[in-house]
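Student: fold the following, please.
(one chain, ligands or ions: 2)
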Amino acid sequence: MSYTQKVLDELKARYPEQPEFIQAATEILGTIQPALDAHPEYEEAALLERLVEPERIVMFRVPWVDDQGKVQVNRGYRVEFNSAIGPYKGGLRFNPTVTLGMLKFLGLEQILKNSLTTLPMGGGKGGSDFDPKGKSNNEIMHFCQSFMTELYRHIGPNTDVPAGDLGVGGREVAYLFGQYKRLTNEWTGVLTGKGLSFGGSLARTEATGYGLAYFVDEYLKSRGDSFEGKNVVVHGSGNVAIYAVQKVSQLGGKVLACSDTHGWVEDPDGIDYTVLEHVYNKKRSGHDKGVTLAMYVDEKPNATWHEGDGRGVWQLPCDIALPCARENTLLLEDAQALVANGCKVVGEGANMPTTIEATTYFQEHGVAFMPGKAANAGGVLVSGLEMSQNAEHLSWTFEEVDGKLEQLMRGMFHNVDDTAKEYGQEGNFVMGANIAGFLKVADAMLAQGVC
Ligand SMILES: NC(=O)C1=CN([C@@H]2O[C@H](COP(=O)(O)OP(=O)(O)OC[C@H]3O[C@@H](n4cnc5c(N)ncnc54)[C@H](OP(=O)(O)O)[C@@H]3O)[C@@H](O)[C@H]2O)C=CC1
Ligand SMILES: N=C(CCC(=O)O)C(=O)O
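Tutor: Ligands and ions are numbered 1, 2, ... in the order given. Alright, predicted model coming up:
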């Protein structure tokens, strides 16, 4: 039995209640064995057994009072997964489906993702089963203040630097930051995604979506192609999706459709990202009762709203698919429909949106599949640049940040592409990303001894 299979079997036996974590570990361990074959010292040092076990997990109670004066209780977590190459770095997710296993999947992905950025950032992830939907700004503030009252003692600019993710945007990061300052009497770069008036980086809001478009565009360029004239479908219409739509359009592509949890919208004129911004801001205004993406057609009468499952976007004929919502939202049946309708490229803006079965189907049918740990790394990459700016007490221009983002994302594609070729799997960007991300972390862990 291979080393990776042994470790994976042990994980499956130990954590049967954490399916998303096992899914992420299966994808990673299922592709890095060729790198391990060349390094028997990794098994001697139990390196994989240590890699898949978080260095620390913090779990805590989050009590808060709602607008009716009723006491509510949620659960809070921070998975400090791996600090071999830098302080723990990763988002916070506020969503009623959050579990420890989900955050461990996100944290494991984050380790390799942050490694691929070439910046000194370790991997972590946290969040809560708090649902921000339908909550007033006052309630979100009370929750964030209570959440940070527990978390602050575990984080810091050189220890653990949280940021946004699903359900956590600029509003939540700002409330969290305000509470951190009160508790520590320190102004530091302890969170990223901050507001521009208090240490936030220009281009951080746009970074994940832009980075996705740059990564896919570099792949297209490497094959003598481009976004020009390409039809694109996007799943999701949140922070990642909005700016992916903007940048894809700027690069010559036409985004035909996008979605939210209430349905999906198609626009023959091409999705207008500024309208998506209006919907996003209304949803997060603190008065979002009943606001859905259906609002898009109010501003764009040529568009059509489809109530129901947002996965309807996968039925549209397209050249490129960009899943930007959340995990396991592109299933085998969706992959079959996309391939049948001519899709040739999939770039993951979300974390693990494509199931293993769907990924395999794409790879077996000649679709260029780019995993989120590489393609969506633009967000954490610019978070790293925000940390740099905070550390030097400087603010770079939008063009400086966006230029660095584009340069690093295009370079990341070539690192992933070259690594896949080096291991005899040209075009297998899942293997390329996993091995390229893994090797840097593994070397650091080996050098630092048994810790
Ligand atoms: N924010 C960041 O910096 C980064 C985020 N990511 C990943 O990208 C993905 C999206 O994150 P982000 O854009 O920040 O999150 P947002 O909360 O801003 O947006 C999430 C989007 O996905 C939709 N959505 C949520 N749940 C479901 C579901 N079960 N089925 C279909 N659609 C759903 C939401 O619809 P609705 O509005 O109706 O809820 C919304 O359109 C996540 O996987 C996240 O982990 C990756 C890298 C960086
Ligand atoms: N949610 C993010 C961004 C994390 C960060 O900016 O620290 C991700 O990379 O999944």
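Student: now the closest residue to ligand 2 within the chain: closest residue in space, sequence neighbours ignored.
Tutor: Residue nearest to ligand 2 within the chain (Cβ to the nearest ligand atom): Gly91, separated by 2.9 Å. The way it works is simple: take the backbone N, C-alpha and C, and place the C-beta from them, glycine included. Distances taken as Cβ to Cβ, 6 or more residues apart in numbering put Asp165 closest to Gly91, at 3.0 Å, once the chain neighbours are dropped.
Student: helix or strand right after the helix or strand hosting the residue of the chain closest to ligand 2?
Tutor: Element membership for Gly91 (DSSP states H and E) is strand 88-94. As assigned by DSSP H and E, the chain's next helix or strand after strand 88-94 is helix 100-116.
Student: what about stretch 76-96, start to end distance?
Tutor: 11 Å (Cα to Cα, to the nearest Å).
Student: tell me the buried residues in that stretch?
Tutor: Buried residues in stretch 76-96, defined by neighbour count with 16 or more other Cβ atoms under 10 Å: 76-95.
Student: intersect those residues with the contacts of ligand 1.
Tutor: Gly91 (Cβ under 6 Å from any ligand atom).
Student: got the buried residues for stretch 410-417?
Tutor: Those would be 410, 412-413, 415-417, for stretch 410-417 by 16+ other Cβ under 10 Å.
Student: okay, and which of these map to strands?
Tutor: Nothing among the buried residues of stretch 410-417 maps onto strands, per DSSP state E.
Student: adding pLDDT and distance to Leu119, write the residues you listed out as CSV.
Tutor: Putting the buried residues of stretch 410-417 into CSV (pLDDT from 0 to 100; distance: Cβ to Cβ, whole Å) gives the following:
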residue, pLDDT, distance to Leu119
Arg410, 98, 15
Met412, 98, 11
Phe413, 98, 16
Asn415, 98, 13
Val416, 98, 16
Asp417, 98, 20
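Student: distance to Asn351 added to those, as TSV?
Tutor: Output for those, formatted as TSV (distance: Cβ to Cβ, whole Å):
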residue	distance to Asn351
Arg410	21
Met412	16
Phe413	18
Asn415	20
Val416	17
Asp417	21
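Student: for ligand 2, what are the nearby residues on the stretch 351-451 of the chain?
Tutor: Applying Cβ under 6 Å from any ligand atom, one finds that the stretch 351-451 of the chain approaches ligand 2 through 351, 379-380, 383.
Student: now, which of those lie close to ligand 1?
Tutor: 351, 379.
Student: between the residues of the stretch 351-451 of the chain next to ligand 2, which is closest to ligand 1?
Tutor: Nearest to ligand 1 among those: Gly379, at 3.1 Å, using Cβ to the nearest ligand atom.
Student: just list the residues touching the closest residue to Ala174 other than its chain neighbours, thanks.
Tutor: Closest residue in space to Ala174, ignoring its immediate chain neighbours: Gly195 at 5.4 Å, by Cβ to Cβ, 6+ apart. Applying Cβ atoms under 8 Å, 6 or more residues apart in numbering to Gly195 gives the contacts 170, 173-174.
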